[in-house]
Each structure stands twice: as structure tokens, then as C-alpha cells.
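> let's see this in three dimensions:
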Amino acid sequence: MQIFIFITCACCGVISGIVYDILYIARCAVCGVHKEAYTVKDRIFIIACDVVYCLIFAVMFVFTSVMFDFYELRLFMLAGCLLGAFLYLKSFHVFVAFSAKKVYNKVTFKRLKKVKRNGRRKAQPHLSGGDN
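All right, here's what the predicted structure looks like:
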């Protein structure tokens, strides 16, 4: 029975990795991919995404525990969740992050090219603070 519980918790970890990727793509769309250019609003959005991720993970873990009658919280259950999330982040998340950066850079480049072609002033990159 403990092996089944461990595998189920590892699957919860993998699903939490998928939720993390959804929030990661939203964060890239709103804040950009360049961490040094984050503003205070961007950091607040990132913190909100992290809180939402933790809440979703907690609800998912409790829901799974209730559905499968896991009466007690055991250390191997948390280890299974963490292992599943770690394996997901080290495997499939690499492709998602790479793709998100490529799409973001293409969209940004096309926007800059379009603004330059229209004869307007060249758009400045998304930077925090004043001077560069």
C-alpha cells in the first residue's frame, strides 16, 4: 500500500509541475524573461503566481489524500510529491522554458521591427529603474 501512496504522490508532483509551467508561461507573458528588468509590479505578480501555485498544490494534495483515504501524513508522501515535481522540472520544463523564451524573443523582435518600420522612435526594452 505504501508503494501505491508514494507513486500517487509522485503523480501529484508531476501534475504540480504542469501547473507550475502554466503559471511560468503567464509570468513570461506578463513580466518578460529577463529577470534583471523586473519592476515592482512584476515582482508582485510573480509572488502572486507563487502563492497561487502553493495553494493549488496544497488543495491537490489534500484532495488526493481524501480521495484515496491516506489517513496520515507521512514523510514519504511529501518526498513522493517533491520527487515528482523535481523530475518534471528537470525533464519537460526545460523544453517549455526554452520554447517560452523563443516565442517571447520572436514576439518582442517583431514588435520592435514593426515600430522601427513605421518611422516611430525605437521602442525601449522592458527595464526597471532609470539609467542603463
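
> show me the contacts for Ser16.
Neighbour list for Ser16: 53, 56-57, 60, 81, 84-85, 88 [criterion: C-beta atoms under 8 Å, 6 or more residues apart in numbering]. Placement of C-beta: from N, CA and C, glycine included.

> need the contact list for the spatially most central residue of the chain.
With distances taken as C-alpha atoms, centre = their mean, Tyr24 lies nearest the centre of the chain, 2.8 Å away. Counting by C-beta under 8 Å, 6+ apart, Tyr24 touches 93, 96-97, 100.

> quick revisit: of all the contacts of Ser16, which comes closest to Ile7?
Proximity of those to Ile7 (C-beta to C-beta) peaks at Gly84, which lies at 9.0 Å.

> helix or strand right after whatever helix or strand that closest one lives in?
Using DSSP states H and E, Gly84 sits in helix 75-90. Moving toward the C-terminus from helix 75-90, the next helix or strand (DSSP H and E) is helix 92-117.

> and that following helix, what's buried?
93, 96-97, 100, 104, 108 (16 or more other C-beta atoms under 10 Å).
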